[in-house]
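Engineer: Next one to model:
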Amino acid sequence: GVLNSTNKKTDGVQVAGLANCIMGELDGVQVSGVVNHVNKDVDGVQVAGVINSTLGVMTGVQVSGVFNFAKDVRGMQIGLINIADTSSGMSIGFINFIWKGYHKLTITTSEAMNVNAAIKLGNKKLYNILFAGLNAGSFQQVFGLGYGLGQELKISKRFSVSPEISMQYLHLGDWEASNWLYKGQANLNYKLHKFIAITGGPSYNFYNTNQTSFQQAFRKDLRTSGIAPMQHDRNWYSWIGWNVGLTFF
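Structural biologist: Okay, here's the model as predicted:
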């Protein structure tokens, strides 16, 4: 009903309402309402309402409502926040941070906003993108915040391709309006130096807006900002876009 605790290796199943704790290895399953902890390696499954923690190698699956931690991920983490020291597996969540993994800062310009900054965290198999952008024209202002997912596919020593999908909210002067931009893009990366790369490529954009009135300083023609713009119904638009910039680290 509350707690299971084992001082040595466990082959089997622990199920508790509050917490499970194993000071050795786990070859099996832990299920708890709040916390699972294994002090060494895990070859199996941890499912927790809040936190899973493994201080060794995770070759199975961690699923939590909030937070997963493993020293070395060789399987999969699924949670709101996933943290690891090293990873050759996959972490799926809103924030994935691998200490010895993928940490990039990208500064780009695009057809929608002329200044964009993105932080990319995770590993090359799957990384999260947290980004913000703005259009700095006197009468063309746009402000955006967004989230996305991507991966980096190596072509050669200097070249790689990064397919990415993202969504962002755009502010065009009216906080009550709903302006959402959904984007799929494929960037070609060329490494100039160990810590600097040129990046750029095409994108396809879907834009949903219900805004009908605009302030003078804000952009009004975002839906026709790219190549081959199309209107699909009253509030949906699409176009081909682009982006180019630099990636650091």
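
Engineer: Which residues are in contact with the residue lying closest to residue 195 once chain neighbours are set aside?
Structural biologist: Once flanking residues are discounted, residue 195 sits nearest to residue 249: 5.5 Å by C-beta to C-beta, 6 or more residues apart in numbering. Glycine gets a C-beta too; all of them are placed from N, C-alpha and C. Applying C-beta atoms under 8 Å, 6 or more residues apart in numbering, we find residue 249 in contact with 103-105, 195.

Engineer: Check what pLDDT residue 249 gets.
Structural biologist: Per-residue confidence (pLDDT) for residue 249: 91.

Engineer: what about the chain, any weak spots by pLDDT?
Structural biologist: Applying pLDDT under 70 to the chain flags residues 138.

Engineer: ok, which stretches of the protein are helices?
Structural biologist: With DSSP state H applied, the chain shows no helices anywhere along its length.

Engineer: residues of stretch 100-118 that come out buried?
Structural biologist: Neighbour counts over stretch 100-118 (16 or more other C-beta atoms under 10 Å) mark 101-102, 104, 106, 108-113, 116, 118 as buried.

Engineer: actually stretch 1-17, not the one I wrote
Structural biologist: By 16+ other C-beta under 10 Å, the buried positions in stretch 1-17 come out as 4, 10, 14, 16.

Engineer: Closest to residue 86 out of these?
Structural biologist: Closest approach to residue 86 among these (C-beta to C-beta): residue 10, at 24.0 Å.

Engineer: Would you check how far apart residue 67 and residue 187 are?
Structural biologist: 31 Å (C-beta to C-beta, to the nearest Å).

Engineer: now swap in residue 65 and tell me
Structural biologist: To residue 187, residue 65 is 33 Å away according to C-beta to C-beta.

Engineer: Between these two, tell me which one has more neighbours.
Structural biologist: Applying other C-beta atoms under 10 Å to residue 65 and residue 187 shows that residue 187 carries more neighbours, namely 24 against 14.
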